[in-house]
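K.L.:
For reference, the sequence and a predicted model appear below.
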Amino acid sequence: MGDDNLMLKIRMLLLAWFHFRLYHEKGLPLIVKRFSYKDIKKATDGFKRIINNSSQGTSYKAKFQNGSVATVKEVKLPDEDDDSFIREVQLLGRLHHRHILAVCGYSTGSKRFLVFENMENGSLKEHLSDPLRTPLNWRTRLQIAIGIAAAVEYLHFFCDPPIHQVSLSSSSILLDENLIPKISDISLFNASGNQITSLPTSSHCSKECAVEGCKNIIFQLGLVILELITGQSAEKGGVDLVQWVQESRFPGSIHKMIDPDLGNSYDQRELKGLLSVARLCIRCVDRQSICTPQILWYLQKKIGITRRSRPS
């Protein structure tokens with residue numbers, strides 16, 4: 001236990017050092033590219049290539065003149081002026097992590113759009129629930145859990161100010177061509193702290209908001225881990241999964257809850273380690289007893305997988 005505490009302290013000191021270098025030595029990253037409305041319209045074939053249509057805006061598949069493929073999302077911000085929107089978009093350029101969906105550009109005018117990198121393999125939810133997709137193997141699921149935990153650690157400790165308003169679910173975790181996971185839903189807030197819509201950017205909120213947001217995202221991470229293990233959806237509150245993992249006798253029912261798509265191709269020790277981390281995350285909703293560096297540390301220690309997920 002003493003060695004674990006020492007390693008955690010060392011990790012926290014390293015995080016503080018990396019944070020200082022990132023924001024005091026490297027400066028701000030490059031400005032996000034601006035597209036014209038005409039560029040967006042042409043790339044989306046006159047807004048005909050619809051991927052998703054929701055109250056928060058329509059998403060389109062886009063192919064630009066240089067051959068690059070991207071996802072374009074309409075942004076509905078009726079009370080936000082262009083200058084404020086552009087300032088928020090530029091904050092997007094400061095989010096740089098392997099497991100966070102990158103913004104490639106934006107467009108203003110009568111309509112506003114954000115341009116994101118293309119994610120060939122859709123959402124984690126589709127891979128867990130669609131019988132026509134090839135099931136994710138156990139090793140890939142472990143890598144997804146660790147990758148998302150690394151992204152959360154980055155948002156909490158490498159961003160200035162720290163970002164805590166994140167909607168983390170199997171629907172908002174997207175997978176690229178190599179099944180690398182990326183968080184796609186970080187809330188957009190205006191300077192007064194009022195949520196406008198749901199898009200990746202920095203946020204401005206009170207200390208109380210940050211604490212609650214931190215607890216909430218850790219809880220959501222626990223639900224995502226449970227989904228990776230069981231293959232069951234937790235998007236409607238995850239009540240059943242939460243009750244199951246909190247039961248004192250739940251170890252006896254683990255074999256009944258494992259995703260059938262996994263068969264017997266998983267490691268029992270790794271499974272127990274993953275479940276113990278999920279339980280710690282779920283308990284965080286009542287009181288914050290764990291922080292994100294601890295989650296990543298526990299995952300790497302209990303499962304035996306390491307990943308270099310530092311900002312570049």
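P.N.:
Cool, got the structure.
K.L.:
Could you list the buried residues of the helix or strand containing Ser84?
P.N.:
Using DSSP states H and E, Ser84 sits in helix 82-92. Residues 85-86, 88-92 are the ones in helix 82-92 that count as buried (16 or more other CB atoms under 10 Å). Using the backbone N, CA and C atoms, a C-beta is placed for each residue, glycine as well.
K.L.:
Tell me the helices and strands packed up against it.
P.N.:
Packing contacts for helix 82-92, counted by 3 or more CB pairs under 8 Å, 6 or more residues apart in numbering; DSSP states H and E, involve strand 103-107, strand 112-117.
K.L.:
Let's have those strands in JSON lines, adding mean neighbour count.
P.N.:
JSON lines is the format used below for the helices and strands packed on helix 82-92 (neighbours: other CB atoms under 10 Å):
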{"stretch": "strand 103-107", "mean neighbour count": "21"}
{"stretch": "strand 112-117", "mean neighbour count": "23"}
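K.L.:
Mean pLDDT and distance to Ile144 added to those, as TSV?
P.N.:
What follows is those, written out as TSV (pLDDT from 0 to 100; distance: least, CB to CB, whole Å):
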stretch	mean pLDDT	distance to Ile144
strand 103-107	90	22
strand 112-117	91	18
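K.L.:
Now do the helices in this structure.
P.N.:
2-24, 37-43, 82-92, 124-129, 138-157, 207-230, 239-246, 254-257, 268-283, 292-303 (DSSP state H).
K.L.:
nearest to Lys182, of the helices and strands packed on helix 82-92?
P.N.:
In terms of CB to CB, the element of the helices and strands packed on helix 82-92 nearest to Lys182 is strand 112-117, at 8.2 Å.
K.L.:
chain center to that closest one, what's the gap?
P.N.:
Remark: strand 112-117 is offset 17 Å from the chain centroid, using CA atoms, centre = their mean, to the nearest Å.
K.L.:
And for stretch 33-53?
P.N.:
Distance, centroid of stretch 33-53 to centroid of chain: 25 Å (CA atoms, centre = their mean).
K.L.:
How much space separates Glu270 from Leu114?
P.N.:
The gap separating Glu270 from Leu114 is 37 Å, by CB to CB, to the nearest Å.
K.L.:
Would you format the helices and strands packed on helix 82-92 as a markdown table with distance to Lys63 included?
P.N.:
Listed next are the helices and strands packed on helix 82-92 as a markdown table, based on distance: least, CB to CB, whole Å:
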| stretch | distance to Lys63 |
| --- | --- |
| strand 103-107 | 13 |
| strand 112-117 | 12 |
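K.L.:
Could you list the low-confidence segments of the stretch 1-150 of the chain?
P.N.:
For the stretch 1-150 of the chain, applying pLDDT under 70 flags the ranges 1-31, 54-56, 77-80.
K.L.:
residues in contact with Cys104?
P.N.:
Going by CB atoms under 8 Å, 6 or more residues apart in numbering, Cys104 touches 32-33, 68, 70, 115-117.
K.L.:
ok, now how distant is the residue lying closest to it once chain neighbours are set aside from Thr71?
P.N.:
Leaving aside its chain neighbours, Cys104 sits nearest to Val115 (4.5 Å; criterion: CB to CB, 6 or more residues apart in numbering). Val115 sits 7 Å away from Thr71, going by CB to CB.
K.L.:
And Ala278, by the same measure?
P.N.:
30 Å.
K.L.:
buried set for stretch 126-139?
P.N.:
127-128, 135-136, 138.
K.L.:
Domains of this protein: list them as residue ranges, please.
P.N.:
Listed domain ranges for the chain are 2-21+121-303, 33-117 (source: automatic domain parsing).
K.L.:
Not counting its own residues, what contacts stretch 252-269?
P.N.:
Applying CB under 8 Å, 6+ apart, the external contacts of stretch 252-269 come out as 128, 135-138, 229-232, 244, 247, 271, 275.
K.L.:
Swap in 7 Å and give it another go.
P.N.:
With CB atoms under 7 Å, 6 or more residues apart in numbering as the test, stretch 252-269 has contacts from 135, 137-138, 229-231, 244.
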